[in-house]
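Novice: The following comprises the amino acid sequence and a computationally predicted model.
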Amino acid sequence: MVKYFIPFAIYFGATTDNLFGQSLTAIQLDRPDQTECPFITPKKYIQIENGFTFETINQSQTSFSYPSTLWKYGVNEKFELRLITELVSGNINVNSNTGFSPITIGFKTSLFEERGFLPKTSFIGHIATSKIGSKEFQTKYIAPSFRLTMQHTLTEKISLAYNIGAEWNGENAEHSYIYTLTTGFSLTDKIGCYTELYGFIPTENKADYRFDCGLTYLINNDFMADISGGLGLSENAPKNYISLGLSYRFKTTR
């Protein structure tokens, strides 16, 4: 997959320089890490973040997303609409199911700009529908989730970001608290990297702790490629995953 991914990314970046305006700051993504960023999609822009992910849950269970896509639309400088679609394939031993996960809808709104010790802060809210998806992946109930996403600029090349929130799985009333902590580094004007700790703390079951890291490549101001991977740190966490991403944005009106 990688040998096709890189030439495509370079070709796409070269051909889109003339299509997209360069007046905005570089595209800001909610991927590839698990920490959602506090930045809002620019007004009247559509931003599409695609991730192709292979995950090994345990010795007998794997899953593949091809892709998971976050669609974002900037309503104004403080608010964006969000839609998540995901085509997945789950494998348990010799049994396999492929289809669309229930569609998730939501929003992000900016709360505070960075000032001194106060981080740049936004709020994200989502609701995963229970029935708008393939039958094999439908849930009993709709599943809400929310998080506060915060970021500090430590230096010109280093940032610290973190999320706190909670989510429901759609199968029962139990919810899990979410935490993430990531450090981002700008290696060059085009290349960035990050390391991250994150986890899920259910109200009734054992906590799930994980680690991941990755690289991003800014092809132009409106198009970015990424690669990432992670490991489970606790007994009940998925064993590992690897992911490739392609993300871009375009203006809907002049």
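Specialist: Thanks, I have the structure now. Residues are numbered from 1 along each chain as shown.
Novice: mind checking the SS state of residue 253?
Specialist: Following DSSP: H, G, I helix; E, B strand; the rest coil, we place residue 253 in the coil state.
Novice: Quick one: neighbours of it, just the number.
Specialist: 5 (other CB atoms under 10 Å). Quick note: C-beta positions are derived from backbone N, CA and C, even for glycine.
Novice: I'd say it and residue 44 touch.
Specialist: Yes - using CB atoms under 8 Å, residue 253 makes contact with residue 44 at a distance of 5.5 Å.
Novice: wait, residue 177 sits on residue 163?
Specialist: No - if you go by CB under 8 Å, residue 177 and residue 163 don't touch, sitting 10.8 Å apart.
Novice: higher neighbour count, the two?
Specialist: More neighbours surround residue 163 than the other of residue 177 and residue 163, with 23 against 15 (other CB under 10 Å).
Novice: quick one, what contacts that one?
Specialist: By CB atoms under 8 Å, 6 or more residues apart in numbering, the residues touching residue 163 are 34-36, 147-150, 178-180.
Novice: Output these in TSV, with secondary structure, pLDDT and distance to residue 192 appended to each entry.
Specialist: Listed next are those as TSV, based on DSSP: H, G, I helix; E, B strand; the rest coil; pLDDT from 0 to 100; distance: CB to CB, whole Å:
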residue	secondary structure	pLDDT	distance to residue 192
34	coil	97	16
35	coil	97	13
36	coil	97	16
147	strand	98	22
148	strand	98	23
149	strand	98	18
150	strand	98	19
178	strand	98	23
179	strand	98	22
180	strand	98	17
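Novice: Closest one to residue 95 out of the residues you listed, please.
Specialist: When these are compared for distance to residue 95 (CB to CB), residue 34 wins out at 28.1 Å.
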